[in-house]
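Participant: Mind folding the following:
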Amino acid sequence: MPGPIIRIERLSKTYISKERKKGHKEKKPVHALQDVSLSIEDGEIFGLLGPNGAGKTTLIKCLTTLLLPSSGTASINGFDVSHQDNLVRASIGCMLMGDRGLYWKLTGRENLEYFGALYHVPREVRRNRIEVLIALLKLGEFVDRTVETYSAGQRMILAFAKALVNDAPILILDEPTVTMDVPTARELRAIVQELNRQGKTILYTTHLMHEAEELCDRVAIIDHGRIIALGTTADLKASISTEDVVELEGIFPEETVRKMRAVPGIRDVAVTTKESGLTKLDVACENSRAMLPRIIEAVTGNGASLQLIRPKEVTLEDVFIAKTGRTLAVDTRVLGEKGGRPRGG
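Facilitator: Residues are numbered from 1 along each chain as shown. Model prediction:
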């Protein structure tokens, strides 16, 4: 590959949170990003994987010039994000924060016209491009209705079209499928792959491990504002290949989980409460076959009820569990992830 098209070196972002204590407000620093360094090669799909609140959106906002970093540097297509913001914006197409950037009183077509004009795309080129996007993304049924009449999924598809309207070499997609139904999300991922085959570099953030595994050449896992793992999906899985993961479902009192964590050979137990009311345990251990009798013994009694037990293949979520002891479902949101602050904040 020609070389990095995105460079990030020791990038940090700190917010000041005000907490009321004993009748007065105390200022407390919140470190949303901490010394993040990575590079993204020209022509690759790079995944940024982490739970809600890990720092993904803060990093994306810094890269797209919506936030100034507190320290460190970043460049997009050779342009510094802090000092050459107009040139950075001309190099990227963005789908950020879902549908918030759309004008709901305008039609979908009028939105695309407006944002194409903002990017100084010539009128004839712009209109041809919009027609291509309408066909590509199957917008025809609703593109001439006002956005306020759209479903959540339709707004997300229009937001995706908006990211493509200036035909930039770099696409930055922040949780693009979050409100889409399964078939629409699958179609969007297929389009992302096709755009990459056409030469676009894509930075794709998600908390859905299967999306990262399906799409990405390399993945960075971020947690509490730090990069905790970086590599191809195969490399990351291989990094914990000495461990097995056993999945259990049922009703497990806290005492059962404590008992299991004390069993020799069990490295960690990640607990997730499912919508059904059942609890899922992901048990990282040294040898699942040898450990199964001990695992079953640990969940017997104490009011526990085991409904399912099975070994499972290593996934990117297992890498995250091995690094943090938590699942990706755990929300670690900090100030700045819920919309952030303006440039200079």
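
Participant: pretty sure residue 44 is touching residue 215, no?
Facilitator: No. Between residue 44 and residue 215 there is no contact under Cβ atoms under 8 Å: 10.5 Å. Any C-beta I mention is one placed from the backbone N, CA and C, and that applies to glycine too.

Participant: Stretch 77-95: end-to-end distance?
Facilitator: Distance across stretch 77-95, first residue to last, is 18 Å (Cα to Cα, to the nearest Å).

Participant: Report the distance from that stretch to the chain centre.
Facilitator: Per Cα atoms, centre = their mean, to the nearest Å, the displacement of stretch 77-95 from the mean C-alpha position of its chain is 21 Å.

Participant: which parts of that stretch are buried?
Facilitator: Along stretch 77-95, the positions that meet the burial threshold by neighbour count (16 or more other Cβ atoms under 10 Å) are 77, 79, 81, 84-85, 88-95.

Participant: nearest to residue 11, of these?
Facilitator: residue 81 (9.1 Å; Cβ to Cβ).

Participant: any idea where the helices of the stretch 151-300 of the chain begin and end?
Facilitator: With DSSP state H, counting those that start in this stretch as the definition, the stretch 151-300 of the chain shows helices at residue ranges 152-164, 182-197, 209-215, 233-238, 254-261, 288-298.

Participant: one step back: got a markdown table for the buried residues of stretch 77-95, with pLDDT too?
Facilitator: Putting those into a markdown table (pLDDT from 0 to 100) gives the following:
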| residue | pLDDT |
| --- | --- |
| 77 | 96 |
| 79 | 96 |
| 81 | 96 |
| 84 | 96 |
| 85 | 93 |
| 88 | 96 |
| 89 | 94 |
| 90 | 93 |
| 91 | 96 |
| 92 | 96 |
| 93 | 95 |
| 94 | 93 |
| 95 | 93 |
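
Participant: who touches the spatially most central residue of the chain in this structure?
Facilitator: Averaging the C-alpha coordinates of the chain gives a centre point, and the residue nearest to it by Cα atoms, centre = their mean is residue 206 (2.3 Å). The contact partners of residue 206, by Cβ atoms under 8 Å, 6 or more residues apart in numbering, come to 47, 48, 49, 175, 177, 212.

Participant: surely residue 283 meets residue 295?
Facilitator: Yes. Between residue 283 and residue 295 a contact is recorded at 6.1 Å, counting by Cβ under 8 Å.

Participant: so what's residue 251 closest to, chain neighbours aside?
Facilitator: Distances taken as Cβ to Cβ, 6 or more residues apart in numbering place residue 305 nearest to residue 251, at 4.2 Å, with adjacent residues excluded.

Participant: Which secondary structure state is assigned to residue 72?
Facilitator: Following DSSP: H, G, I helix; E, B strand; the rest coil, residue 72 is assigned to strand.

Participant: swap in residue 134?
Facilitator: Per three-state DSSP, the local secondary structure of residue 134 is helix.

Participant: Assess the claim that it and residue 143 are in contact.
Facilitator: Yes. At 5.5 Å, residue 134 counts as touching residue 143 under the criterion of Cβ under 8 Å.

Participant: Looking at these two now, which is surrounded by more residues?
Facilitator: In this view residue 134 and residue 143 are compared by other Cβ atoms under 10 Å, and residue 143 has more residues nearby, 23 against 18.

Participant: any idea how far residue 195 is from the residue lying closest to the more buried one once chain neighbours are set aside?
Facilitator: Once its chain neighbours are removed from consideration, residue 143 has its nearest residue in residue 108; the separation is 4.1 Å (Cβ to Cβ, 6+ apart). Distance of residue 108 to residue 195, given as Cβ to Cβ, to the nearest Å: 20 Å.

Participant: Likewise for residue 50?
Facilitator: The spacing between residue 50 and residue 195, counted by Cβ to Cβ, is 23 Å.

Participant: Ok, residue 20 next?
Facilitator: Residue 20 is 48 Å from residue 195, by Cβ to Cβ.

Participant: Between these two, which is the more surrounded one?
Facilitator: residue 195 (17 against 8).

Participant: per-residue confidence at residue 242?
Facilitator: In the prediction, the pLDDT value recorded for residue 242 is 58.

Participant: er, residue 158 actually
Facilitator: Confidence at residue 158, expressed as pLDDT, is 95.

Participant: Please report the number of neighbouring residues for it.
Facilitator: Counted with other Cβ under 10 Å, the neighbours of residue 158 add up to 24.

Participant: next one: the one 5 residues further on
Facilitator: The burial count assigned to residue 163 is 22, neighbours taken as other Cβ under 10 Å.
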